[in-house]
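# Sequence and predicted structure, then a few things I'm wondering about:
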Amino acid sequence: MAGFEYHIEVRNLSTWFGKKAILKNISCYFEDNTITAIMGPSGCGKSTLLRTLNRLNDLVPSFRLEGQVLFGGENIYETGSSVYDLRKRIGMVFQKPNPFPMSIQDNITYGPKLHGVKDEDELSKIVEQSLRKAALWDEVKDELDKPAPNLSGGQQQRLCIARALSVNPPVLLADEPVSALDPISAAKIEDLLVDLKKEYTVILVTHNVQQAFRVSDQAAFLYLGELIEFDKTSRIVEAPKDERTEAFITGRIG
Amino acid sequence: MASRKDALLTYLSAVTQSRRHFTDFLFKVILAIVIMIVVSPFFLVLIQVASIGFGQIFGIGPGIGLEFFTTFPGVGLEGGIRNALVGTVELIALASSVGIPLSVFGAVYITEYTQPGWTRAIVEFASDVLAGIPSIVFGAFGFAFLVDFLHLGMGLVAGSLTLAFMMIPTVLRTTQEALRAVPMSLREASLALGATKWSTTWNVTLRAAFPGLITGVLLAIGRVMGETAPLIFTAGNSLSVPTELTGSGSWVASMPYTIWAYISDPREYLQVKAHGTALALMIMVLTVDVVANIISRKVTRRLV
Amino acid sequence: MSETENQAVEPQVKETAGSQIQKMKQRLSDPIIDFIDADKSGKTDMLGKIFLLVPAFASTLIIILILAFLWIEATPIFTDPAGGPGIIISPTWDPNRDLYGISVFIIGSLFCTMIAIGLAVPLGIGGAIFLSEFCPMRLRQPIKMITEMMAAIPSIVYGLWAYVVMVPFIKNVLAPGLQSNPLTAWMPWFQGDTNGLSLLAGGVILAIMLLPTIVTIANDALQTVPRNLREASLALGATQSETARKIVISAALPGVGAAVVLALGRAVGETMAVLLVTGNSLQIPYTLFDPTYVMTSIITNQLGYAFVFPLWRSALFAIGLVLMIMSICFTLTAKMFVRWGMKTRGYI
């Protein structure tokens, strides 16, 4: 393990919403420049785990946590560094595309402007770069000031990816990013994510085994809040060690 | 003790660590102050009215306490406000008996018997406009139409009808919403059993929409109970209760009117009585409002 | 094929004139035939529908009646040489001298409303943002309940409080305070002696009465903004207040706009509270402490005596007509805001 700049690690993480336990003693490690899939049946805590990584669960007053979440070696729930900086370095894409009701351009410059970028040239550069990385530039480059909600579902989601990339986060979290899209757009975005891992670390939540197999390098299988297996995806899918994993892979539970 | 101080210090240092943190904190603090300013008039008004009016309602003495509600003002206006209390009750009762059926039937028609289209749009638009008309305009209209044109003269009928007109928009809209909230499947089940649309509407749909309907009715009654301007030129005033429906014997007092008359009067004891009447009126209106809210909350829970 | 087409087309063209009358006859007679043919259930339903038609149009009828009667009563002053449409800008109101200029009242209402809106809109929207974005759950219900109860308090009770508490406060504390404080003493709008009955009193009590409306409607509009927009903003590293300011407010703008317009309508039409505290003077106010006369107050004060001169009564109804038209305009504008919201955002 080389010197860690971005590695995300979770140690003995348990979370509760009020009295209800969601995650139970999870420990795992997300390697740089890979895609890790967090998979499991509905309601097993996948989204909660993802949201714990960028402290989005802080918004829920009844949220409680034990254990550590380490980013670059520091516990993000303890350090003095601000949560806003953290979220700048860990980006997120949501299940349902949620572009702001503004122009395409304003959607992308929202993040950089928040964090202090003011120069017009720099902002346009960021817009082009982000849209190129999200494979959307060619389609919208002449319509940058059209309202974002007018785009199709697949385009909106790629815009959301571009928006997340606009602040150059080393880590990108994706909460079931294609489950609300049609198969063609979904395929495009899956290819996009595989492409992105060259420069970013992607952590993907999915309930679709085939998708995890297609796209990810590592996989974590979560069941009822517990981490059952964590290994290379190909190994888990082809030779699951636990019977619950096997039940999920073969589709008996979902 | 020490840990609280520590916690406070950590909080303060967290909140000031950067300009963005501080702006966020400041914004929240300012808005918290704003909301306190927004709700404070409620307490200010309540305290003022209650502090002076309390003695009128709960004290002992001539024309005070229970007598406040059971005696008439008498010659020097030193008695109670029985005229106003009875007047308000009678006006509301009469207004409701006209306004509620009109509004409910109207709402039933546009929700159950029409498609979304011209008819519905016109009635809804008319209702929305009616809701926004100033109360004094209703009063002037009542005066020109009911008192003058129809020669009803000032009194119980003219006053109640004017109030009824003011109730229509509220009751119509809330009944419409309540009817809309009833799922289609209920109506279909009834029709599938062979019932007529008429009987379905009254026995099934309206029954299901009843809580929402009652909420709307109560809200309208609460609003109309406190109205002064529409009654000034249509109800007259009286130191006793009306003896006929129209004509000079039908002049009727009302609580809001009495508050206005007494507070405008320089005599100190009338100012005090105005506070008592205001307190009684506030209690009546707020009770009706709270009951309406409780019912409406029970509805949401049942449907969900 | 083409032969039959031609044959089919021509007869239709010839029969149009005659068949139109036929169609109308049919449209009238069909329902009656249906009714006679229907069974008991059918008859009940049809009668029921007619029975309900009348109340449905009651509200439409009432509006038309109100407009009609106001118009009839107001016409004399507009057509009489002593009055005419110019009364709207004419400054002198003196029924004894046949002068019916109503501009004083329009200006009074305007100033009062401006003050009220200037105070109530920022406070109301700020309060709504707090309730929607930052308020802890435990406090939200109680605050909303208090707001609803504030909306239910009758205007005469607000008037009573304003008359007994606010007016003396302005006279004894606020005016002397502002006029002696070096920071504010030079400001032209704080000048003037006052007994408390003033433009300021009217504006403030109006603002207090508008607050619940603005808070409730604006809060509803803010709550309708989908949660995932906020999450997207926060996930990019924005603070809660930045999210509120940049995303939520602009998304809720149509609803907030509707709230403001509705508040405007209420402000202009408010009667009793303003009547008691504005002093009712026929002069145009030049400072906040000057008394003023608003449209609703003049009607309330003088309609009872206006039978003395027919034009006097007519002029008062003309003011009522102006009020009515203004309120219709406000309602229409509010509806346009709602439609704007639905079109561009899919919700208000």
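That came through fine.

# where do the strands sit along chain C?
For chain C, the strands defined by DSSP state E cover C:93-94, C:99-100.

# hey, which of those strands is tucked in deepest?
strand C:99-100 (a mean of 20; mean count of other Cβ atoms under 10 Å in any protein chain shown). In this view, the C-beta of every residue, glycine as well, is placed from N, C-alpha and C.

# could I get stretch C:331-347 in PDB with only the CA atoms?
Taking C-alpha atoms only, stretch C:331-347 is exported to PDB below (Å, rounded to 0.1, in the frame of the first residue of the first chain):
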ATOM      1  CA  THR C 331     -56.000  37.600  -7.800                       C
ATOM      2  CA  LEU C 332     -55.300  37.300 -11.500                       C
ATOM      3  CA  THR C 333     -51.600  38.100 -11.000                       C
ATOM      4  CA  ALA C 334     -51.300  35.500  -8.300                       C
ATOM      5  CA  LYS C 335     -52.900  32.900 -10.500                       C
ATOM      6  CA  MET C 336     -50.400  33.800 -13.300                       C
ATOM      7  CA  PHE C 337     -47.500  33.200 -10.800                       C
ATOM      8  CA  VAL C 338     -48.900  29.800 -10.000                       C
ATOM      9  CA  ARG C 339     -49.200  29.000 -13.700                       C
ATOM     10  CA  TRP C 340     -45.700  30.200 -14.300                       C
ATOM     11  CA  GLY C 341     -44.500  27.900 -11.600                       C
ATOM     12  CA  MET C 342     -46.300  24.900 -13.000                       C
ATOM     13  CA  LYS C 343     -45.000  25.500 -16.500                       C
ATOM     14  CA  THR C 344     -41.300  25.900 -15.700                       C
ATOM     15  CA  ARG C 345     -40.900  23.700 -12.800                       C
ATOM     16  CA  GLY C 346     -43.800  21.200 -12.800                       C
ATOM     17  CA  TYR C 347     -44.800  22.400  -9.300                       C
END
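
# element containing A:Val117?
Under DSSP states H and E, no helix or strand contains A:Val117.

# give me every residue that touches residue 136.
Picking chain A for this. Going by Cβ atoms under 8 Å, 6 or more residues apart in numbering or on different chains, A:Leu136 touches A:Gln155, A:Arg158, A:Leu159, A:Ala162.

# try again with chain B
B:Ala229, B:Pro230, C:Gly269, C:Thr271, C:Thr296, C:Ile299, C:Thr300, C:Gly320, C:Leu323 are the contacts of B:Ile136 under Cβ under 8 Å, 6+ apart.

# Can you classify it by secondary structure?
Counting by DSSP: H, G, I helix; E, B strand; the rest coil, the backbone at B:Ile136 sits in helix.

# and which of the contacts of B:Ile136 is nearest chain A?
C:Gly269 (33.7 Å; Cβ to the nearest Cβ).

# Nearest spatial neighbour of the closest one, chain-adjacent residues omitted?
In space, and not counting its chain neighbours, C:Gly269 is closest to B:Pro134: 2.7 Å by Cβ to Cβ, 6 or more residues apart in numbering or on different chains.

# Quick check: the farthest pair among the contacts of B:Ile136?
The span of the contacts of B:Ile136, defined through Cβ to Cβ, is set by B:Pro230 and C:Leu323 at 13.6 Å.

# Neighbour count: the two, which is higher?
B:Pro230 (30 against 26; other Cβ atoms under 10 Å in any protein chain shown).

# pretty sure the more buried one is touching B:Leu161, no?
No - B:Pro230 is beyond contact range of B:Leu161, at 9.9 Å (criterion: Cβ atoms under 8 Å).

# Give the residues shared as contacts by those two.
B:Gly142.

# Now do C:Ile89: how many residues are near it, please.
11.

# actually C:Val215, not the one I wrote
That count, for C:Val215 with other Cβ under 10 Å as the rule, works out to 32.

# Next one: it relative to C:Thr224, how far apart?
According to Cβ to Cβ, to the nearest Å, C:Val215 and C:Thr224 sit 15 Å apart.

# ditto for C:Gly159
C:Gly159 sits 34 Å away from C:Thr224, taking Cβ to Cβ as the criterion.

# Compare the two (neighbour count), which wins?
Between C:Gly159 and C:Thr224, counted using other Cβ under 10 Å, the more crowded position is C:Gly159 (27 against 16).

# Fine by me, thanks again.
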